[in-house]
Structures are given as C-alpha cells and as structure tokens.
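*Asks:* from the sequence below, what's the structure:
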Amino acid sequence: QVQPVESGGGAVQTGGSLRLSCAASGRTFSYDVMGWFRQAPGKEREFVAAIRWSTGVTNYADSVKGRFTISRDNAKNTMYLQMNSLKPEDTAVYYCAARQGFRIAIRGNEYDYWGQGTQVTVSS
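*Replies:* Here you go, the predicted model:
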C-alpha cells in the first residue's frame, strides 16, 4: 500500500528549529499537491502548508507564515517542512498528506493519502 512516511519530529525549546520530511513509501504514486497538517491534543486537525508539486507554488496558514517553509525535492520524491522560531503552540502531531488535484487545498478531506504522523513538542 502506498503511504507517505514522515520523519524528523522531536522535542525542542521555544525558538528552536526542526525539519520534517515526507517520502513516498513503496512505489511512487501520482499526486499533484502535497501538504502538512497538524493536530494538537483536544483540537481539530488544521492546515499548515501545502505545495503544488509541478510548479512549487505554496500556501501557508497565517499562524506559520514567516516561520515555516515548505519545499520539495523532485529527484527524491520528498517534501520538507522547515520549522523555525518554534512556539509551544506549534506542539502537535504533524501529518503529511497528498492529493490528486491541481488546487492547493487546505481542507484535510480533500487529500487522498496520509502518513502516520510525527510528534513535534515545543517546550517553553
């Protein structure tokens, strides 16, 4: 079964940085847009950032603009999320997702493939 696989989570202090990676597991699957979502305890899943694979066009949630950067490596079929100036409110499980469709969607139910998630914890 094809599934994105996240890596790179961990624990950092406020102001620290982490880089998340998302790679396709198994055979390469067809997708147009990949994104990152997160879910904190007791909260709903929320959109973080997304990138259109062919053009590199990106979209970010307001809460992470200027601090997070989404990018992709076509040769490695891998997407990244560079997270800088981390805050305690960034603490969550971060999920990688992919969709077949040109639009850079921000709703989770528009994505077709999901990873298992990686924990990010930011302490004050």
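*Asks:* please enumerate the strands of this structure.
*Replies:* In order along the chain, the chain carries the following strands (DSSP state E): 3-7, 10-13, 18-25, 33-39, 46-52, 58-60, 68-73, 78-83, 92-99, 113-114, 118-123.
*Asks:* could these go into a markdown table alongside mean pLDDT?
*Replies:* Converted to a markdown table, the strands of the chain look like this (pLDDT from 0 to 100):
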| stretch | mean pLDDT |
| --- | --- |
| strand 3-7 | 89 |
| strand 10-13 | 98 |
| strand 18-25 | 89 |
| strand 33-39 | 96 |
| strand 46-52 | 97 |
| strand 58-60 | 98 |
| strand 68-73 | 96 |
| strand 78-83 | 96 |
| strand 92-99 | 95 |
| strand 113-114 | 92 |
| strand 118-123 | 98 |
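*Asks:* mind listing what the nearest residue to Leu86 once chain neighbours are set aside touches?
*Replies:* Distances taken as CB to CB, 6 or more residues apart in numbering put Val122 closest to Leu86, at 4.5 Å, once the chain neighbours are dropped. Where C-beta positions appear, they are placed from N, C-alpha and C, glycine not excepted. Residues in contact with Val122, defined by CB atoms under 8 Å, 6 or more residues apart in numbering, are Ala11, Val12, Gln13, Thr14, Gly16, Leu86, Lys87, Pro88, Glu89, Asp90, Thr91.
*Asks:* distance check, the residue nearest to the spatial centre of the chain against Ser124.
*Replies:* Centroid check for the chain by CA atoms, centre = their mean gives Trp36 as the closest residue, at 2.3 Å. Going from Trp36 to Ser124 by CB to CB, to the nearest Å gives 23 Å.
*Asks:* distance of the residue lying closest to Trp36 once chain neighbours are set aside from Ala75?
*Replies:* In this structure, Trp36 finds its nearest non-sequential neighbour in Val48, 4.2 Å apart by CB to CB, 6+ apart. Taking CB to CB as the measure, Val48 falls 24 Å from Ala75.
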